[in-house]
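Novice: sequence unavailable; structure follows:
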């Protein structure tokens, strides 16, 4: 549930209308300076926003390669 707090705030700000809006996620990994994506909150947030029709740009200087493999 804690991973979705940011999603709740986004929905409140946009009055539940995020379809076709684009969001950028900076930092994908579970911990800074690693490429470990297991249990990363960014992935949960990305998935929920995508399910609701949002578009996502994502970047992480270390984990981007692992992200592309997903």
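Specialist: That came through fine. Given the structure is predicted, the values throughout are model-derived calculations rather than measurements.
Novice: contacting residues around the closest residue to residue 40 other than its chain neighbours?
Specialist: Spatial nearest neighbour of residue 40, excluding adjacent residues (C-beta to C-beta, 6 or more residues apart in numbering): residue 30 at 4.6 Å. Yep, even glycine has a C-beta here, placed from its N, CA and C like the rest. Shown in contact with residue 30 (C-beta atoms under 8 Å, 6 or more residues apart in numbering): 36, 37, 38, 39, 40, 41.
Novice: repeat for residue 20
Specialist: 53, 54, 55.
Novice: just give the number of residues close to the first one.
Specialist: A count of neighbours around residue 53, defined by other C-beta atoms under 10 Å, yields 11.
Novice: so what's it scoring on pLDDT?
Specialist: Turning to residue 53, the model gives it a pLDDT of 97.
Novice: now the residue nearest to it when sequence neighbours are not counted: which helix or strand?
Specialist: Leaving out its chain neighbours, the residue that sits closest to residue 53 by C-beta to C-beta, 6+ apart is residue 19, at 3.4 Å. Using DSSP states H and E, residue 19 falls within no helix or strand.
Novice: could you report the neighbour count for residue 19?
Specialist: For residue 19, using other C-beta under 10 Å, the count is 10.
Novice: thought it was touching residue 52?
Specialist: Yes: under the criterion of C-beta atoms under 8 Å, residue 19 is in contact with residue 52, at a separation of 6.9 Å.
Novice: now the helices for this protein?
Specialist: 5-13, 41-51, 64-68 (DSSP state H).
Novice: next, the angle helix 5-13 makes with the second one.
Specialist: Angular relation of helix 41-51 and helix 5-13 on a 0 to 180 degree scale: 40 degrees, by axes from the mean of the first three to the mean of the last three C-alpha atoms, to 10 degrees.
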